[in-house]
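Engineer: Quick one, structure for this:
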Amino acid sequence: MPTALRIKGYAFFFRAGDCPERPHAHVRGIGGTAKVWLEPMNLAYSTYNAARTAEVLAIADRHQSLLLGRWVLFCGS
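Structural biologist: Model (predicted):
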């Protein structure tokens, strides 16, 4: 499970078994978890409250290119 990005107490990471799915990142930290689809940017699920979920989505949106690039490096295409 390589970590693609650590920021504001969140770790955005990938799982090898998820590579057949469309690009996404799992998020862990600050007492919760989430899954964010990267293209198009969308929330798959979240255990965070509304404010933390919005923060996770804003971070993912701001770093979408980086996360997509790291997804490609990890999963292929």
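Engineer: hey, what's the residue positioned nearest the centre of the chain bridged with?
Structural biologist: Centroid-nearest residue in the chain, with C-alpha atoms, centre = their mean: A25, separated by 2.7 Å. Assessed by DSSP bridges, A25 has beta-bridge partners V36.
Engineer: what residues are up against it?
Structural biologist: Residues in contact with A25 (C-beta atoms under 8 Å, 6 or more residues apart in numbering) are A4, L5, F12, F13, F14, K35, V36, L38, A60, L67, W71. For every residue, glycine as well, the C-beta is placed using N, CA and C.
Engineer: farthest-separated two in the residues you listed?
Structural biologist: L5 and K35 (14.4 Å; C-beta to C-beta).
Engineer: need the contact list for K35.
Structural biologist: H24, A25, H26, V27, L43, A44, Y45, S46.
Engineer: what ranges do the strands span in this structure?
Structural biologist: Chain-ordered strands for the chain, with DSSP state E as the definition, fall at 3-7, 10-13, 24-29, 32-38, 41-46.
Engineer: Buried ones in the longest one, by neighbour count?
Structural biologist: Within strand 32-38, the residues that count as buried by 16 or more other C-beta atoms under 10 Å are A34, K35, V36, L38.
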